[in-house]
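J.: show me the folded form of this:
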Amino acid sequence: MKRIVFPEEKSVKGAVSYGKKAVGAFLITGMVLTCVCLKDRATAEGLQEGQVSQPVVQKPDGGGGKESKVIALVNGMAITEADIERDMAVISAARQSKDVAAVQKETLNKLIIRKLAYKRAKTVGFTVSPKEIEEAIDAIKLYAGGEESFRQTMALRKMSEEDVRRETEEILFVKKLYKKEVLDKIVIDNKELEKEMEKAKSRMKKPEKVVVDDVVVPVGADDKHAGDIAQVLLDKLRSDPSRDPASLPADNTFVVKELELSPDKQNELYDEAKKLKEGEISSVIRTSDGYHIVRLKRYIPAKQANLRQVHRAAEDAVRDQAIQKRAALWEAELKKGAIIEILETGDEKK
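T.: Model (predicted):
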């Protein structure tokens, strides 16, 4: 058993987010997911190897009230094997990770922070009414697809109605504390905002698009003959009102393909295509790989991003960075002086 009093030892990295979508992140998503990870018994088996003497708690799970082993105590509040297993499914799906050990570590840290924040929220005077809990549970049921789907997911996650209410109440407490101590303390740095706006302008700018039908006569041993073929093809196209290369009688002397031109890769063709209007054809163009005739199919000029959209995207990015920094400090503040007892970890395997 490890007994940790923070900040004497380093905390697990990774800030917990309890912002506007907090209930979704830890309840709705968790309840709605099919929880494939719950079927992976390797997670539980990894926890049980080399186990030490540890307390158990009685937890109703809708399946006969099985006992769930306590994995950690946070200022006396228990985190059980069932808690970890359920939240691992959510985090593993969100991260798309198959690294069981890393997901287990992240899950345990998030649960530790949640317990500490829940206790602090109650200590500083936040309250959660029965109505708020019912509204949150109704939202979960709606998101899950109705009462029946909700109960099926509860059964899959081995949760009773009491478990759902307890978890919902806990997260609502934490959400209120997180808003006050993290989100409400965020200040946008104008210098950082200006830097991010420049990045956003470049990122959100829509590039120019030049699309052509390209008639290519490859150069063989007889360069002059290839040039003559290209001129004949040009004459046929000019005499055709549609000027459509697809109307040319197919043979093995040329190919027709649609091509999006780049000034860096096909500069000769690009320069000629830019002189055309849509539907017009160029003269014969000689390049290193042969003779070309291009018909401008589509031209879309470059478009600068909307300034309002740029500002919003930049502000969101700067805010997200500020939230991550503040959340990391907040976690450290919560852990300061906390007594966290890890009763069973992979480090104890021998």
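
J.: can you count the residues close to residue 162?
T.: Residue 162 has 12 neighbours, counted by other Cβ atoms under 10 Å. Using the backbone N, CA and C atoms, a C-beta is placed for each residue, glycine as well.

J.: buried residues in the helix or strand it falls within?
T.: Using DSSP states H and E, residue 162 sits within helix 161-181. Neighbour counts over helix 161-181 (16 or more other Cβ atoms under 10 Å) mark 163-165, 167-179, 181 as buried.

J.: packing partners of that helix?
T.: helix 22-23, helix 100-123, helix 130-144 (3 or more Cβ pairs under 8 Å, 6 or more residues apart in numbering; DSSP states H and E).

J.: could you rerun that using 10 Å?
T.: In this structure, helix 161-181 makes packing contacts with helix 22-23, helix 29-32, helix 81-95, helix 100-123, helix 130-144, helix 147-156, helix 307-335, judged by 3 or more Cβ pairs under 10 Å, 6 or more residues apart in numbering; DSSP states H and E.

J.: shaky segments in this protein?
T.: Low-confidence segments of the chain (pLDDT under 70): 1-67, 94-95, 97, 221-222, 344-350.

J.: show me what residue 216 is bridged to.
T.: residue 255, residue 292 (DSSP bridges).

J.: give me the distance between it and residue 194.
T.: 47 Å (Cβ to Cβ, to the nearest Å).

J.: of the two, which one has the most company?
T.: Neighbour tally, residue 216 and residue 194, criterion other Cβ under 10 Å: the higher count belongs to residue 216, 20 against 11.

J.: contacts only, for that one.
T.: 230, 254-257, 259, 269, 285, 287, 289-294 (Cβ atoms under 10 Å, 6 or more residues apart in numbering).

J.: what about it, distance to residue 251?
T.: Distance from residue 216 to residue 251, by Cβ to Cβ: 13 Å.

J.: CA atoms only for the helix holding residue 162, dumped as CSV, please.
T.: The C-alpha coordinates for helix 161-181 follow below in CSV (Å, rounded to 0.1, in the frame of the first residue of the first chain):
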residue,chain,number,x,y,z
GLU,A,161,-30.1,3.7,-10.1
GLU,A,162,-28.5,4.7,-6.8
ASP,A,163,-25.0,4.5,-8.5
VAL,A,164,-26.2,6.8,-11.3
ARG,A,165,-27.7,9.4,-8.8
ARG,A,166,-24.6,9.3,-6.7
GLU,A,167,-22.3,9.8,-9.7
THR,A,168,-24.5,12.5,-11.2
GLU,A,169,-24.6,14.5,-7.9
GLU,A,170,-20.9,14.2,-7.5
ILE,A,171,-20.2,15.5,-11.0
LEU,A,172,-22.7,18.4,-10.7
PHE,A,173,-20.9,19.5,-7.5
VAL,A,174,-17.5,19.3,-9.3
LYS,A,175,-18.8,21.2,-12.3
LYS,A,176,-19.9,24.1,-10.2
LEU,A,177,-16.5,24.2,-8.4
TYR,A,178,-14.7,23.9,-11.7
LYS,A,179,-16.6,26.9,-13.1
LYS,A,180,-15.8,29.1,-10.2
GLU,A,181,-12.1,28.1,-9.6
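
J.: packing partners of the helix or strand just after that helix?
T.: Per DSSP H and E, helix 161-181 leads on to helix 190-204 as the next helix or strand towards the C-terminus. Here helix 190-204 touches helix 307-335, going by 3+ Cβ pairs under 10 Å, 6+ apart.

J.: shared neighbours of residue 216 and residue 251, anything?
T.: In contact with both residue 216 and residue 251: no residue, using Cβ under 10 Å, 6+ apart.

J.: and the gap between residue 143 and residue 149?
T.: 9 Å.

J.: ok, these two, which is more surrounded?
T.: residue 143 (17 against 14).

J.: quick one: contacts for residue 207?
T.: Residue 207 makes contact with 262, 300-303, according to Cβ under 10 Å, 6+ apart.

J.: before we move on, the earlier item: got the helices and strands packed on helix 161-181 as a markdown table, with distance to residue 71 columns?
T.: Output for the helices and strands packed on helix 161-181, formatted as a markdown table (distance: least, Cβ to Cβ, whole Å):
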| stretch | distance to residue 71 |
| --- | --- |
| helix 22-23 | 23 |
| helix 29-32 | 18 |
| helix 81-95 | 6 |
| helix 100-123 | 7 |
| helix 130-144 | 25 |
| helix 147-156 | 21 |
| helix 307-335 | 17 |
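
J.: for residue 225, which of the ones you listed is the nearest?
T.: helix 307-335 (54.2 Å; Cβ to Cβ).

J.: next structured bit after the closest one?
T.: Immediately after helix 307-335, counting by DSSP H and E, sits strand 339-342.

J.: centre of the chain versus that next one, how much separation?
T.: With Cα atoms, centre = their mean, to the nearest Å as the basis, strand 339-342 stands 32 Å off its chain's centre.

J.: walk me through the domains of this protein.
T.: 2-188+314-348, 209-300 (automatic domain parsing).

J.: any idea which of those is most buried?
T.: Most buried of the domains of the chain by mean neighbour count (mean count of other Cβ atoms under 10 Å) is domain 2-188+314-348; its value is a mean of 17.

J.: okay, the closest residue to residue 334 other than its chain neighbours and residue 173: tell me how far apart.
T.: Excluding its sequence neighbours, the residue lying closest to residue 334 (Cβ to Cβ, 6 or more residues apart in numbering) is residue 116, at 4.2 Å. When Cβ to Cβ is the yardstick, residue 116 and residue 173 sit 11 Å from each other.
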